[in-house]
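Novice: Compute the structure for the input listed below.
(2 chains)
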Amino acid sequence: MKNIAMATCFAAGLSCSLPAFSDDGAALYVSRGCIGCHGAEGNAPIAPNYPKIGMQNIEYTVNQLTDYKNNKRSNGLAALMVGMALSLSEEDIQKLAEYLSTNTGAN
Amino acid sequence: MNIAAKIALAALITSSASGLVLAGGADLYVEKNCITCHGTNGNQPVMDAYPRIGGQSEMYLLAQMKDIKTGARNNSHTLAMKNVMGNVSDSEMATIAGWLSKQSQ
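Specialist: The predicted structure follows:
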């Protein structure tokens, strides 16, 4: 679908940018390494002291990622998350939070 | 055993027995006002900026409560939590965390 839309855009000689698709967050979740610690769909963390993050409220997740990025949340293992969040743009954070909020529960 | 010792023992048993009447996690979740912001079973928070906490990892929940109480975690909306945590002991936190972790996510 994306490809068809892009091809149509290019064929028409237009400068195109695609709207955000729901799978962008899913792709980011893997490519940015979130899955490495938080597991499938955010709800299979690899250590018992790591949080489940799937099904979480969008605004809460956005706030936490933004706070990590800006060094405002520093408790526990925050140093790990600060490193992960530094390279995320505001748009990335929003997409990740939206993706995570739609995931199913682990139990 | 002399009388004084018996009285002391009786007093000890009485105080121990009353100490054994511990509130469960479900009760503490209401008594300590967690439910006011996080809603039924931890998953109906009153604001989108507040987290869903039912079904969350037990160790993570306990660590956050302790960190917010000590001020080690002070980001975003943690001030309201800090005020509430001032009235919750470490053992009560553990009881609440255990109960919450067993709720449906």
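Novice: Show me which residues of chain A sit near chain B.
Specialist: By the rule CB under 8 Å from any CB of the partner chain, the part of chain A lying against chain B is A:43, A:45, A:48-52, A:54-60, A:63-64, A:67, A:72-76, A:105-107. Glycine gets a C-beta too; all of them are placed from N, C-alpha and C.
Novice: are any of these buried, and which?
Specialist: Buried subset of the residues of chain A next to chain B (neighbour count, 16 or more other CB atoms under 10 Å in any protein chain shown): A:43, A:45, A:50-52, A:54-60, A:63-64, A:67, A:73-76, A:106.
Novice: Narrow the residues of chain A next to chain B to those in strands?
Specialist: Using DSSP state E, no member of the residues of chain A next to chain B falls within strands.
Novice: re earlier: which members of the buried ones among the residues of chain A next to chain B are positioned in helices?
Specialist: Judged by DSSP state H, helices contain the following of these: A:I58, A:E59, A:Y60, A:N63, A:Q64, A:D67.
Novice: Let me know the closest of those to B:G55.
Specialist: Each of these was scored against B:G55 by CB to CB, and A:Y60 proved nearest at 14.8 Å.
Novice: Give me the distance between the closest one and B:H38.
Specialist: For A:Y60, the distance to B:H38 equals 11 Å [CB to CB, to the nearest Å].
Novice: Let's test this: mean pLDDT of stretch B:89-101, rounded?
Specialist: Mean per-residue pLDDT for stretch B:89-101: 98.
Novice: between A:Y60 and B:H38, what contacts are shared?
Specialist: For the pair A:Y60 and B:H38, residues contacting each of them under the criterion CB atoms under 8 Å, 6 or more residues apart in numbering or on different chains are B:Y50, B:P51, B:R52.
Novice: Look at the first one and say how many residues are nearby.
Specialist: Going back to what we said before, that points to B:Y50. The number of residues packed near B:Y50 is 20, by other CB atoms under 10 Å in any protein chain shown.
Novice: so what's it up against?
Specialist: By CB under 8 Å, 6+ apart, B:Y50 lies in contact with A:N57, A:Y60, B:C37, B:H38, B:H77.
Novice: Now do the residue most central in space within chain A, the pLDDT please.
Specialist: Ranked by distance to the mean C-alpha position of chain A (CA atoms, centre = their mean), the top residue is A:L96 at 2.0 Å. At A:L96 the predicted local distance difference test score is 97.
Novice: So it sits against A:V30, correct?
Specialist: No - counting by CB atoms under 8 Å, no contact exists between A:L96 and A:V30, whose distance comes to 10.8 Å.
Novice: What residues does chain B have near chain A?
Specialist: With the criterion set to CB under 8 Å from any CB, chain B comes near chain A through B:45, B:47-52, B:55-60, B:63-64, B:67, B:72-73, B:75-77, B:104-105.
Novice: Show me which helix or strand of chain B is least confident by mean pLDDT.
Specialist: Taking mean pLDDT, DSSP states H and E as the measure, chain B has helix B:3-19 as its least confident helix or strand, at a mean of 49.
Novice: Just after it, pick out the following helix or strand.
Specialist: Toward the C-terminal end, the helix or strand that comes next after helix B:3-19 (DSSP states H and E) is helix B:25-31.
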